[in-house]
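Participant: here is the input, now give the coordinates:
(3 chains)
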Amino acid sequence: MYNFNYHKPSSVADAAKAVQSAPEGKLVAGGMTLIPTLKQRLAKPSDLVDLGKIAELKGIKKDGNSIVIGAMTRHAEVASSDVVKSAIPALAALAGGIGDPAVRNRGTIGGSIANNDPAADYPSAVVGLGATVVTNKRKIAGDDFFKGMFETALEPGEIVTAVQFPIPEKAAYSKFPNPASRYAIVGVFVAKTGSGVRVAVTGAGSSVFRQKEMEAALGKSFAPDAVANVKVSPSGLNADIHASAEYRAHLVTVMAKRAVAAAK
Amino acid sequence: MATTVSMTVNGKTVSGSVEPRTLLVQFLREHLGLTGTHVGCDTSQCGACVVHVDGNSVKSCTMLAVQADGAQVTTIEGLAKGDQLHPMQAAFREHHGLQCGFCTPGMVMSAVDLANKVKNPSEEQIRHWLEGNLCRCTGYHNIVKAIKAGATAMQGGK
Amino acid sequence: MSDGGIGASVRRKEDARFLTGRGTYTDDINRPGQLYVYILRSPHAHAEIGSIDASKAKKAPGVVAVFTGADLAADNVGGLPCGWLVKSKDGSPMIEPPHPVLAQGRVRHVGDPVAAVIAESREQAKDAAEQINVAYKTLPAVIEAVDAIKPGKPQIWDAAKGNVCFDWHIGDPAVVDAAFKKAAHVTKIDIVNNRLVPNAMEPRAAIGEYDRGTGEYTLYTTSQNPHVIRLLMGAFVLHLPEHKLKVVAPDVGGGFGSKIYHYAEEALVTWASAKVGKPLKWTAERSESFISDAQGRDHVTHAELALDKDGKFLALKVSTVANLGGYLSTFAPAIPTYLYATLLAGTYTTPVIYCEVKAVFTNTVPVDAYRGAGRPEATYVVERIVEMAAHEMKMDPAELRRRNFIPKDAYPYQTPVALQYDSGDYFSTLDMATKAADYAGFAKRREEAAKRGKLRGIGIATYIEACGIAPSAVAGALGARAGLYECAEVRVHPTGSVTVFTGTHSHGQGHETTFAQVIADRLGVPVENVEVVHGDTSKIPFGMGTYGSRSIAVGGSALIKAIDKIVNKGKKIAAHLLEASEADIEFKDGKFTVVGTDKSKAFGEVAFAAYVPHNYPIETVEPGLDETAFYDPKNFTFPSGAHIAEVEVDKETGAVQIVRFTAADDFGRIINPLIVEGQVHGGLVQGIGQALYENAVYDGKSGQLLTGSYMDYCMPRADNVPTFSVGTHTTLCTHNPLGVKGCGEAGAIGAPAAVMNAVVNALAPLGIKDLPMPATPERVWRALHGQKAAH
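Facilitator: Model (predicted):
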């Protein structure tokens, strides 16, 4: 790891100031991706601004017909939250399947979505549930938030403070993990909401994406068979030693089918 | 660049001067001489470095010492009461849940966290919980057995 | 027999320290004034080194020195030696290229060490290494052994034409061909035995220290055999005499073969500690282990089995290309030859066998022994081809095996490939396994699984291994450059407690407990009064270390010899104390008794007399009770067994799950059943890992290891494997005093073939006959859909 200056502000405003005034400032939430990256010397920030002491970024609450999760809420907290489990069990289950227990005790929802790893789980829930990302500057629709591999709509100095998830009628997440890293090779989040069905796919592409053909099919009939025959094109999908694009395309259909079957 | 951190480790208040880039595991091993916590990989996968921070298992190789400032940290050295092994440690011994011993501290610390959170975990729950702990010696068979027994013993059962 | 003697599941003595964080692994040791070493490694698979400019690095904060190959050459430091010489078919010796500690002029694999930076902290050393400018001129690389022998490929060593290190064979091809002509059926198979990364959980580490006052060097290292390291490094690399070089292998976190070899970093820290006058510590990061620890397997094989109409094996013909990597690791040449081809008879009466092996240099990390070492590769060939033959001849695979097993009364049994099996009973282990696995009830389980949309398969593998390495004269005749005996010293203290010094090394095997059990059994001294010391050349007379399941078979036998000497001396002392003739003294249950009387002396009383010789046969017997013995085995030992795997395949995803696994093994006499079972479990998961998960994948062009971390190299985890059913059936080894055979590698030898036979069995209804390891979800999915592999 290269050396850096370390800051631990106690407010979002101070954090934004600290990260913007540094020549190469970087925010650290749970650090589950950033710290390994720093250890491999793949990044060289001048300053690290730790969000861990900011009380206003933590917590889970029900707000009308949505669940609001503070950006610094750990995966383990979402997974075990009674509020989340009763309102959006699929979201609790997704959080409970990220990484491993020790990772879930440190990793945060804000960190995960701001990092936008193409194989991360949370982006599929944000897009699949039509969530809204709240920052210190504005509100961003989930559909507009993820821009590409490790890229988001966040501007310099903009900090995710919370994510608002509308409560769906039913939803489920189905993941086929990479056997080695256990990140998603393909993960499909399916939600039946008041405003239609959403199908969000992670792991398969450079960033999370919606599978519109499946959404249309499920809109007509929300049943596994409705997606079983929707063939996904491998074009543009990720390929690596663990899974070719063709295999990933195939898995999108299988995982979608399984998610629909499991939705509650 | 050095900064001072203080935390409670195994019930004792400790402090030290570290670079911000110092990992918690380096602080434990190199500053405090608590070499029971091991480093087995550099990608946060193997779990040999698992300790408890404020009651939860974390990978001390994926946390900066400065992030643990003010925290309550428990390492493998802090588990036994004097010469009396913690029930989970005793269960690992009884069921031969360790061979070379290198992954063992992380395994035991993970297992204790599981037993604290899930009463009487099933074999499937245990195997799933160990996703972040690699062992190359035991084939996991006896670790799973040990954790089952240890979790029961932690509840005062036999 | 004392409590805790042979056969008891004694809880391990070593666990107390490991469970409380008080183990002492190499990286836990810190020496006063110690500095840190970082090794700059080649980022290229094949390149000329034009120049190395370390001037900036030398001035970086905290840096004490930077060394390159030139510095070592100037000091006349030798290269890493190879411990085994294999000769080609034509009698010519293998090509044995130099293996410098730091690269000299050319690098031959990604990870090849190029320079060493020594600084006050690890991070400073790493920071400074980035300032070293190495001018590389990259060369084309060759990765696969079967490619490397084709014409026009990059040449890795000038002396090795076509990249061939040796072209070896065993058996008579004409005799085998004649047998094939009589065959009613011939089964053919092509096999890739995938390359594996051993991945002991403790990364390698080394600390070198030089004492200016005494001129003595100490090396602390993560080794399975510290005396071997002292011998190789002292005699061949650093030219240091043994009495000025101490090698300590403290607690070691797993080895699986990868910590047998003498590595560059060991020589480097030892040499450089004198150069800079400070103790030097080097600890591998895991990503470094991936490109610097010797790797395992990597064979490409074509095999043919000739059978008569009843399924009797008539002959076996095997042709293998083995990848050695860029350099010869310490025991590399022995693995694909004498530890491989000699095992091709397996558990069967195949009368004639021919095997030829081309061993090839490539631009990859060196390959050497990894758990099983040659024997898993042989077992995989034999058990896959037998399974395939059963399928082709529409015979039950268990029945075909039984029909060809070596009969129970045929021992000693001379195989056509040099080995002579002393004992075994393959019928009983197979019966045990088929019963425990409910082999007969499989069809029902397959039907039930089909209802859940799963393809269920069952697979058997039987295996034989040659352990207890090795009769020195035999090994020497086959090219070993060392003896392979073992040594033990039994020091009885004045009050009757015992310290055992053994030349074997425990890095998970539990010798501190099992060797104490042997003492308890034979001398009646309780286990808690026995200390077992290993891993320090300054304490232990000598030893060849632990690998090849040799510790109890060879080290345990040396221990028995030393115990016998203690008992014999004790009898002389007791005879004097009891005023009886020595011939009338018997030693039993910890007491020396005059036969036929109740006159006796306890073991402790005799020990005390030996050290306080007031009333003592001082004219004929020396004081003290401390005996050393060396034992050279008369033959290999031959553990064997039958493994049965049952799997379910998810038709939609291709994912394979092992739902049952049964092992029935014959390890000879068992000292500690709990420890033996643990060894089996661990081996099985490494074998399952090879079959389903693990694969060292290099980029074919750049030679980068694509599976260079746990993000991509798939280690088996707890949720990948089931709870195992393991059992043993014992036939005793006939030629060592304990009747022991060894158990360390069995799981890794039997499991790959059992699992792959099960996977293929699951897919067989769809017309699939074979599948390469590892059977990853995509490979299985492609097989199910009749598609060719993408990779």
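Participant: and the strands in the stretch 51-200 of chain A?
Facilitator: For the stretch 51-200 of chain A, strands defined by DSSP state E, counting those that start in this stretch occupy the ranges A:60-63, A:66-70, A:132-135, A:139-141, A:146-148, A:151-152, A:160-166, A:170-177, A:184-193, A:196-202.
Participant: elements contacting the first one?
Facilitator: Spelled out, that is strand A:60-63. strand A:66-70, helix A:82-87 (3 or more CB pairs under 8 Å, 6 or more residues apart in numbering or on different chains; DSSP states H and E). For the C-beta atoms, the positions are set from N, CA and C on the backbone; glycine is no exception.
Participant: identify the residue nearest the residue in chain B positioned nearest to chain C in space, chain neighbours excluded?
Facilitator: When scored by CB to the nearest CB, chain B has B:Gly36 as its residue closest to chain C, at 1.8 Å. Counting by CB to CB, 6 or more residues apart in numbering or on different chains, B:Gly36 lies nearest to C:Gly21, which is 1.8 Å off, once chain neighbours are set aside.
Participant: just checking, that neighbour touches B:Gly33?
Facilitator: No. C:Gly21 is beyond contact range of B:Gly33, at 10.8 Å (criterion: CB atoms under 8 Å).
Participant: need the pLDDT of the residue nearest to C:Ile170 when sequence neighbours are not counted.
Facilitator: Beyond its immediate neighbours in the sequence, the residue positioned closest to C:Ile170 (CB to CB, 6+ apart) is C:Ala341, lying 4.8 Å away. At C:Ala341, the model reports a pLDDT of 98.
Participant: residue contacts, C:Ala341?
Facilitator: For C:Ala341, the contact set (CB atoms under 8 Å, 6 or more residues apart in numbering or on different chains) comprises C:170-171, C:318, C:320, C:353, C:355, C:357, C:378, C:417.
Participant: also C:Gly69?
Facilitator: C:100-105, C:114.
Participant: strands - which of these land there?
Facilitator: C:Val114 (DSSP state E).
Participant: what about chain A: which of the contacts of C:Gly69 touch it?
Facilitator: Among these, not one lies near chain A by CB under 8 Å from any CB of the partner chain.
Participant: okay if I get the contacts of C:Gly69 as JSON lines plus pLDDT and neighbour count?
Facilitator: Below are these laid out as JSON lines (pLDDT from 0 to 100; neighbours: other CB atoms under 10 Å in any protein chain shown):
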{"residue": "C:Pro100", "pLDDT": "98", "neighbour count": "22"}
{"residue": "C:Val101", "pLDDT": "98", "neighbour count": "26"}
{"residue": "C:Leu102", "pLDDT": "98", "neighbour count": "23"}
{"residue": "C:Ala103", "pLDDT": "97", "neighbour count": "22"}
{"residue": "C:Gln104", "pLDDT": "96", "neighbour count": "16"}
{"residue": "C:Gly105", "pLDDT": "96", "neighbour count": "11"}
{"residue": "C:Val114", "pLDDT": "98", "neighbour count": "23"}
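Participant: nearest to C:Ala183, of the contacts of C:Gly69?
Facilitator: Lowest distance from C:Ala183 to the contacts of C:Gly69 (CB to CB) belongs to C:Pro100, with 50.0 Å.
Participant: returning to that earlier point: and among the helices and strands packed on strand A:60-63, the most buried is which?
Facilitator: strand A:66-70 (a mean of 23; mean count of other CB atoms under 10 Å in any protein chain shown).
Participant: per-residue confidence for the residue of chain C at minimum distance from chain B?
Facilitator: Closest residue of chain C to chain B, CB to the nearest CB: C:Gly21 (1.8 Å). Confidence at C:Gly21, expressed as pLDDT, is 97.
Participant: that one: what's it in contact with?
Facilitator: Counting by CB under 8 Å, 6+ apart, the residues that C:Gly21 touches are B:34-37, B:75-77, B:105.
Participant: of all the helices and strands packed on strand A:60-63, which one is nearest chain B?
Facilitator: With respect to chain B, and counting by CB to the nearest CB, the nearest of the helices and strands packed on strand A:60-63 is helix A:82-87 at 14.5 Å.
Participant: looking at the stretch 51-200 of chain A, what residue ends up closest to chain C?
Facilitator: For the stretch 51-200 of chain A, CB to the nearest CB, closest residue to chain C: A:Ala180, 3.8 Å.
Participant: typed the wrong thing, it's the stretch 1-150 of chain A
Facilitator: Taking CB to the nearest CB, the stretch 1-150 of chain A has A:Met1 as its residue nearest chain C, at 6.9 Å.
Participant: do you know the pLDDT at the closest residue to C:Glu778 other than its chain neighbours?
Facilitator: The shortest distance from C:Glu778 to any non-neighbouring residue, by CB to CB, 6+ apart, is to A:Tyr247 (4.6 Å). At A:Tyr247, the predicted lDDT confidence score is 97.
Participant: am I right that A:Tyr247 is in contact with C:Leu784?
Facilitator: No. Between A:Tyr247 and C:Leu784 there is no contact under CB under 8 Å: 11.5 Å.
Participant: those two: which is more packed in?
Facilitator: The residue with more neighbours, out of A:Tyr247 and C:Leu784, is A:Tyr247; 27 against 18, by other CB atoms under 10 Å in any protein chain shown.
Participant: sorry, back to before: so what's the residue of the stretch 51-200 of chain A closest to chain C up against?
Facilitator: Per CB under 8 Å, 6+ apart, neighbours of A:Ala180: A:242, C:693, C:707, C:710-715.
Participant: try 6 Å this time
Facilitator: A:Ala180 is in contact with C:712, C:714, counting by CB atoms under 6 Å, 6 or more residues apart in numbering or on different chains.
Participant: gap between the residue of chain C closest to chain B and C:Arg446?
Facilitator: Using CB to CB, to the nearest Å, C:Gly21 is found at 48 Å from C:Arg446.
Participant: what residues of the longest helix along chain A count as buried?
Facilitator: Longest helix in chain A, counting residues (DSSP state H): helix A:245-262. By 16 or more other CB atoms under 10 Å in any protein chain shown, the buried positions in helix A:245-262 come out as A:245-260, A:262.
Participant: what of stretch C:427-442?
Facilitator: Neighbour-count burial for stretch C:427-442, counted by 16+ other CB under 10 Å, picks out C:427-434, C:436-437, C:439, C:442.
Participant: over to stretch C:516-529?
Facilitator: Under 16+ other CB under 10 Å, the buried positions of stretch C:516-529 are C:516-527, C:529.
Participant: could you do stretch A:156-169 as well?
Facilitator: Burial within stretch A:156-169, assessed by neighbour count using 16+ other CB under 10 Å, is assigned to A:157-168.
Participant: now do stretch A:13-21
Facilitator: Neighbour counts using 16+ other CB under 10 Å place A:15-19 of stretch A:13-21 among the buried residues.
Participant: can you list contacts of that stretch?
Facilitator: With CB under 6 Å, 6+ apart, stretch A:13-21 has contacts from A:7, A:9, A:25, A:27, A:49, A:51, A:136, A:157, A:159.
Participant: name the nearest residue to the second one, sequence neighbours excluded.
Facilitator: This means A:Pro9. A:Ala15 (4.5 Å).
Participant: so the one you found is in which element?
Facilitator: Secondary structure from DSSP states H and E places A:Ala15 in helix A:12-21.
Participant: which is the succeeding secondary structure element to that helix?
Facilitator: Proceeding N to C from helix A:12-21, the next assigned helix or strand is strand A:25-28, under DSSP H and E.
Participant: list the contacts of that following strand.
Facilitator: Residues contacting strand A:25-28 (CB under 6 Å, 6+ apart): A:19, A:34, A:45, A:47-50.
Participant: again, only this time at 8 Å
Facilitator: A:15, A:18-19, A:34-35, A:43, A:45-52, A:111, A:114, A:159, B:67.
Participant: narrow those residues to just the buried residues.
Facilitator: Buried among the contacts of strand A:25-28 (16+ other CB under 10 Å): A:15, A:18-19, A:34-35, A:45, A:47-52, A:111, A:114, A:159, B:67.
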